[in-house]
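K.L.:
Here is a sequence together with a model predicted from it:
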Amino acid sequence: MTTSSHLLGSHLSIAGGYYKAAETAATLSMNTVQLFTKNNNQWLAKPIEPAESERFQAAILEGQLVHPLSHSSYLLTCASPDETLRAKSVEALVVEVERAELLGIAWVVLHPGAAMGATEQEALARVIASMDEVLKATRHLAAGVLLENTAGQGSCLGWNFDHLAIILDGVADSRRLGVCFDTCHALAAGYPLATAEDYKATMQRLDTAVGLERVNAFHLNDSKRELGSRVDRHEHIGRGHVGLEAFRSLLSDKRFRTVPMYLETPKGLENGEELDTINLRILRELATGAKSDATGSEKKGGKAKKK
């Protein structure tokens, strides 16, 4: 199998226990993993028992995994003009950070939220206030929050890099606040990535807005929808509008060589092989300079095969 030094993993299920995600990651030759620490469609969750944490961290060590990542519930909307819902989201995010800390996870990924009828300025101010509350309530912990750029569906914030910059600059103490960059979301939001020149320009815009040193994780997803669609639909690597060259540019960018990267592409089997395995093989081939098609097989051409 083609290998690379990159930290590549995927979002995996915790069904059966947190350790199951780590074991699956190791079985699929990943060296990192992303997971939910609770049911992402429910507000409440039972406490994490010490034995659960110990078994998860032991599985991380045994699988030689590094930088496990947590993704927060999709219910959270820290930008909400409904104060009851905003406060509930803040409380829930505090719990998410506490759960990450218990599992030895450094970062919790968060979608900034939606304006829901308010102006962007008002909504961003609410996110800043929410982050201040969360970071203050968890100031005794090491785990922090990564703001994810979004596709910009509806009134969702974070599709514009300037939104992320406003939040980062507005929070009183942002030392435990960073960014998770999603390739599908960036393209859908209108940031081109398809060519080396596109990639360079978009990363320059990200650097100018938030600083590349604030990017602590990547979500590697191709996009079913076109540039600027503002629609969030993930596709397998090389089979969408992001395209193989964008991932080649990212994986050859030495500035991100040690930043962990996680697939959030659809699960399942193709010709009896795990789709995560196929996607990871393509990424590793791109990282090592090999020519790859969208099924992970090396070839002389460099164009992606669409399905």
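P.N.:
Looks like it arrived, so ask away. A quick note: this is a predicted structure, and the numbers were derived from the prediction, not measured. Residues are numbered from 1 along each chain as shown.
K.L.:
give me the low-pLDDT residue ranges for this structure?
P.N.:
The chain contains residues with pLDDT under 70 at 1-4, 290-307.
K.L.:
Which residue ranges of it form strands?
P.N.:
With DSSP state E, the ranges of strands along the chain come out as 8-11, 32-35, 69-71, 107-110, 144-148, 177-182, 215-220, 222-223, 234-235, 261-263, 269-270, 273-274.
K.L.:
what would those strands look like in JSON lines with mean neighbour count and distance to residue 251?
P.N.:
In this view, the C-beta of every residue, glycine as well, is placed from N, C-alpha and C. What follows is the strands of the chain, written out as JSON lines (neighbours: other Cβ atoms under 10 Å; distance: least, Cβ to Cβ, whole Å):
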{"stretch": "strand 8-11", "mean neighbour count": "24", "distance to residue 251": "9"}
{"stretch": "strand 32-35", "mean neighbour count": "26", "distance to residue 251": "15"}
{"stretch": "strand 69-71", "mean neighbour count": "24", "distance to residue 251": "18"}
{"stretch": "strand 107-110", "mean neighbour count": "25", "distance to residue 251": "20"}
{"stretch": "strand 144-148", "mean neighbour count": "23", "distance to residue 251": "20"}
{"stretch": "strand 177-182", "mean neighbour count": "25", "distance to residue 251": "13"}
{"stretch": "strand 215-220", "mean neighbour count": "23", "distance to residue 251": "9"}
{"stretch": "strand 222-223", "mean neighbour count": "27", "distance to residue 251": "14"}
{"stretch": "strand 234-235", "mean neighbour count": "22", "distance to residue 251": "18"}
{"stretch": "strand 261-263", "mean neighbour count": "26", "distance to residue 251": "8"}
{"stretch": "strand 269-270", "mean neighbour count": "12", "distance to residue 251": "22"}
{"stretch": "strand 273-274", "mean neighbour count": "14", "distance to residue 251": "20"}
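K.L.:
out of these, nearest to residue 47?
P.N.:
If you check each of the strands of the chain against residue 47 by Cβ to Cβ, strand 69-71 wins as the nearest, at 15.6 Å.
K.L.:
Identify the residues contacting that closest one?
P.N.:
11, 32-37, 40, 96, 99-100, 103, 105-109, 180, 217, 260, 262 (Cβ atoms under 8 Å, 6 or more residues apart in numbering).
K.L.:
Give the partner strands of that strand in its sheet and their orientations.
P.N.:
Neighbouring strands of strand 69-71 in its sheet, by DSSP bridges, are strand 32-35 (parallel), strand 107-110 (parallel).
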